[in-house]
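> Next input, structure requested:
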Amino acid sequence: MLPTLADVLELPVVQRARPRVVVGSSHLDVAVRWVHVAEVTDLAHLLRGGELVLTTGIAMPDDREALRRYVDDLSGVGVSGIAVEMGRKYHSGLPHALLDAAGDAGIPVVALEREARFVEITEAVHGRVVNEQLEEVRESERLHEVFTRLSMEGAPPEQVLREVARLSGRPVVLENLAHQVLACDLNGEDPGVLLAAWESRSRAVRSDARTVHDPASGWVVTTVGARGQDWGRLILICGTSPTSRHTMMVERAATTLALVRLLERHQESLERQTHRTIITGIIDRAYSDPEEALVRARAVGVSLSGHGLVGLVLRLRDSRAGLAAQAELADTAEEAARACRELRVPALVGSLDEVRVGILLALPDDSDEDAYLRRLAERLRERVTTSAVLAAGSRTDDIREVRRSFLEARQVGDVALRQSGDQLFYRLPDVHLRGLLHLFSDDERLQTYVERELGPLLAYDDRHGSDLTEMLRCYLSSGRNKALAATTAHISRPAFYERLRRISHVLGVDLDSVETCLSLHVALLSLDSVRDHRAY
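Model prediction:
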C-alpha cells in the first residue's frame, strides 16, 4: 500500500525541514507514488500522477494568472502535493495566488521552514514506495500459493471462505445472483446482526465492475464465475478503508471458487466416460453435424439409427461428499447400464453431473415405451442402493431432438424429487409450472430473469417499506380482475388502483398488456422458487 502524504511528512528527513501544511490539511490521506524535484513551471507533461513535487520556488512566476495555470496543470495530472522550501525566493510566506489556486484544486501545499536535502527526501520516500511494492508482490505470492493449493485440492466453498476469514480477519459471504447466502464465515461475528435482512442490503450494493468497494456498507464485492457464466458474488466485509491486500484476496478467492466449480468431475469407467462424452456432446450441441453423434455411438457399439430415442435422467435423492459421491455416482451409472443390457435395449449411459445419470434409450419403432420404462425402473430399484427417481423426456425419431428430450427429463426429475408420490418413473405431465420453475431456482439465468423483471419493484419495496410486490401478486393471481384483487388485498378499489399505477411507473411497464402480465407472473412464481430453494 502506497504511503500517504501524511506518512511522508512524518519521515525524519522531512521533519528536519520543519514541514508546515499551509493549504489542504484535509487531503493528507492522498497516496504518494513518487517524488519529483522540479524548478520549472512547465513540468506537468513529465508527470503521471501521484507525485509529490519538491521545489525551492526559485522559478515560480510572480504573475497571479501564471501561478494559477501552474497549479491547474499539476492538478490536471493528479499530483499528491506541492512542497516549497522557504528561504530561496519566499521568506515570510507563500504567495496568496498560489495558495488560493491550490485550495480551489484541492492540492495540499507544504512549506518547508528549514533548508531541506531533497535527495534525502526522495531516497527515503522512494525506498518506502519500493518496499511497499515489494511487500505487495510477496503478499501476492503468498495468496497465490494458498489459493492454488485450495484449487488443486478441489476445496469446497466453506473451506475457501474459512481461509479468507482467517487471512483477513474479516467476515466473508458467498451469495448467488438472487442475493441469497450460499456459504459464509463470519469470523466470530453475530450472524443475527451481519446476516439480518441480507437480501435487501445486498440489493443496495451495485457491482457494475467486476470488483467494487461500497463505502456505505464497507463491502468489497467481486463477481464469481468463469467462461462468461457468472453465478454469484463474494463479499468481504472490511469497513470503509479496505487495503489492496483485501481486494487481492477476495479476487483470488473468487477465482478459486469458480475454478473448483469448473473442475468438479467424477471418476467413471472408460466406457461410461465415452458414453458421457457423447451424451453431453448432444446436450451441449458440441457436434457441428448432429449425425456425428450417431457415428460416435455406433463406434462404441450402440446403434441409435432407426430407433425411437428417449432421454432419461436418473436423479439421486441424496448424495455423499467427495470421493464417496464419485463412487456412488459411478456405481449408479454402471447399474443403469447393466439394467439396459439385461433388457437388450441399446443405450448410452453416463453421469451428467454430481447427482444425475443420463440414459439415452434406443427403442424399437413398434415397441411399447411404457412397458420398457416400467421394466427398467423396476430393475433400477432392485439394483441401485441409493434412493433415486427416474424421469423420461419425450420420445423422438430425430437425433436433433434428443437434446430437448434430455432437458425435459432433467426438469421432470428434479421436480419429481420433491413430490410425495412413489411412481416408477415420471414424465412432464406429472409436474406443473411451479415445480418446473422450482427446478431452475439455483440457475443463474432464472435469477437474472427475476432481477430483470422484478428488481426495481423489490428494491422500491425495500427502500420505502411498501407492499407493491404483494399487490402485483394479488392482481395477477386474480386473473387481472382489479375489483377481485382489491378485495383479496383488503383495501379499497381507489387505493388498489393507485398502487397499480405506482407499480406500472416503477417497473416502466403497461399492466394492461397480457404478455407483460404473463412475464411478470412467471417472474413472481420464479421468485418464490428461488426464495424457497434454500429450504431444501
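
> quick one, domains of this protein?
5-127, 154-263, 270-431, 444-535 (automatic domain parsing).

> Just send those back as CSV, with mean pLDDT, distance to Thr148 and mean neighbour count too.
C-betas here are computed from N, CA, C, even on glycine. Shown next, in CSV, are the domains of the chain (pLDDT from 0 to 100; distance: least, CB to CB, whole Å; neighbours: other CB atoms under 10 Å):
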stretch, mean pLDDT, distance to Thr148, mean neighbour count
domain 5-127, 90, 30, 17
domain 154-263, 87, 8, 18
domain 270-431, 85, 20, 18
domain 444-535, 90, 26, 16
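
> For those, give me a markdown table that also has distance to Glu145.
Shown next, in a markdown table, are the domains of the chain (distance: least, CB to CB, whole Å):
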| stretch | distance to Glu145 |
| --- | --- |
| domain 5-127 | 27 |
| domain 154-263 | 10 |
| domain 270-431 | 23 |
| domain 444-535 | 30 |
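
> which one of those lies closest to His438?
Nearest to His438, of all those, is domain 444-535, at 4.1 Å by CB to CB.

> roughly how far out does that closest one sit from the chain middle?
The chain centroid and the centroid of domain 444-535 are separated by 26 Å under CA atoms, centre = their mean, to the nearest Å.

> List the contacts of Val129.
Residues in contact with Val129, defined by CB atoms under 8 Å, 6 or more residues apart in numbering, are 2-3, 32-34.

> Among the residues you listed, which one sits closest to Arg261?
Leu2 (34.9 Å).

> Distance of that closest one relative to Val32?
6 Å (CB to CB, to the nearest Å).

> Now do the shared contacts for the two.
Both Leu2 and Val32 are contacted by 50, 129, under the criterion CB under 8 Å, 6+ apart.

> Which member of the contacts of Val129 is positioned nearest Leu428?
Closest to Leu428, out of all of the contacts of Val129 and judged by CB to CB, is Leu2, at 60.6 Å.

> thought Val160 was touching Leu150?
Yes. At 5.6 Å, Val160 counts as touching Leu150 under the criterion of CB atoms under 8 Å.

> Identify the contacts common to these two.
Applying CB under 8 Å, 6+ apart, one finds that Val160 and Leu150 are jointly contacted by 256, 260.

> May I have the phi/psi pair for Gly57?
phi 80, psi 0 (degrees, to the nearest 10).

> whoops, Pro171 was the one
According to degrees, to the nearest 10, Pro171 has phi -70, psi 150.

> What separation do you get for it and Ser244?
19 Å.

> And for Arg395?
For Arg395, the distance to Ser244 - CB to CB - is 59 Å.

> same thing with Leu74?
For Leu74, the distance to Ser244 - CB to CB - is 25 Å.

> Check Leu343 too.
From Leu343 across to Ser244, the span is 62 Å (CB to CB).

> Check Gln326 too.
39 Å.

> what are the ranges of the strands in the stretch 351-500 of the chain?
Secondary structure of the stretch 351-500 of the chain, counting by DSSP state E, counting those that start in this stretch: strands at 356-363, 388-392.

> scratch that, the stretch 1-150 of the chain
Under DSSP E, counting those that start in this stretch, the stretch 1-150 of the chain gives strands at 19-23, 34-37, 51-55, 81-85, 109-112.

> Could you point out which of those strands sits nearest Glu141?
That would be strand 34-37 among these, by CB to CB, at 24.2 Å.

> picking that back up, can you redo the strands of the stretch 1-150 of the chain as a markdown table with distance to Ser441?
Formatted as a markdown table, the strands of the stretch 1-150 of the chain follow (distance: least, CB to CB, whole Å):
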| stretch | distance to Ser441 |
| --- | --- |
| strand 19-23 | 57 |
| strand 34-37 | 52 |
| strand 51-55 | 53 |
| strand 81-85 | 54 |
| strand 109-112 | 59 |
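
> which stretch among the ones you listed comes nearest Ala486?
strand 19-23 (63.6 Å).

> partners of that closest one in the sheet?
Strand pairing for strand 19-23, determined by DSSP bridges: strand 109-112 (antiparallel).

> so who does the residue lying closest to Leu314 once chain neighbours are set aside touch?
Of all residues not flanking Leu314 in the chain, Val357 sits nearest, at 4.2 Å (CB to CB, 6 or more residues apart in numbering). Val357 is in contact with 313-314, 316, 329, 332-333, 336, 349-351, counting by CB under 8 Å, 6+ apart.

> taking those residues one by one, which sit in helices?
329, 332-333, 336 (DSSP state H).

> Among those residues, which one sits closest to Asp430?
Nearest to Asp430 among those, counting by CB to CB, is Ala336 at 20.6 Å.

> Please report how far that closest one lies from Pro242.
If you measure Ala336 against Pro242 using CB to CB, the figure is 51 Å.

> Of all the domains of the chain, which one is nearest Glu136?
domain 154-263 (6.4 Å).

> Please report phi then psi for Ser441.
With angles defined as degrees, to the nearest 10, Ser441 sits at phi -60, psi -30.

> what's the burial count for it?
Neighbour count for Ser441, taken as other CB atoms under 10 Å: 23.

> can I assume it is in contact with Ser529?
Yes. Ser441 is in contact with Ser529 according to CB under 8 Å; the separation is 4.2 Å.

> ok, for His36, nearest residue in space, not its chain neighbours?
Nearest residue to His36 in three dimensions, chain neighbours excluded: Glu51, at 4.4 Å (CB to CB, 6+ apart).

> residue contacts, the one you found?
Glu51 makes contact with 32-36, 79-80, according to CB under 8 Å, 6+ apart.

> Repeat the analysis, applying 6 Å as the threshold.
Listed by CB atoms under 6 Å, 6 or more residues apart in numbering, the contact partners of Glu51 are 34, 36, 79.

> Which one of those residues is nearest to Gln411?
Nearest to Gln411 among the contacts of Glu51, counting by CB to CB, is Trp34 at 59.7 Å.

> tell me the contacts of that closest one?
Going by CB under 6 Å, 6+ apart, Trp34 touches Glu51.

> Repeat the analysis, applying 10 Å as the threshold.
Counting by CB atoms under 10 Å, 6 or more residues apart in numbering, Trp34 touches 2, 47-52, 79-80, 122, 125-126, 129.

> any chance of the residues you listed in JSON lines, with distance to Arg233 too?
Putting the contacts of Trp34 into JSON lines (distance: CB to CB, whole Å) gives the following:
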{"residue": "Leu2", "distance to Arg233": "28"}
{"residue": "Leu47", "distance to Arg233": "37"}
{"residue": "Arg48", "distance to Arg233": "33"}
{"residue": "Gly49", "distance to Arg233": "31"}
{"residue": "Gly50", "distance to Arg233": "30"}
{"residue": "Glu51", "distance to Arg233": "36"}
{"residue": "Leu52", "distance to Arg233": "37"}
{"residue": "Val79", "distance to Arg233": "36"}
{"residue": "Ser80", "distance to Arg233": "33"}
{"residue": "Thr122", "distance to Arg233": "43"}
{"residue": "Val125", "distance to Arg233": "38"}
{"residue": "His126", "distance to Arg233": "38"}
{"residue": "Val129", "distance to Arg233": "33"}
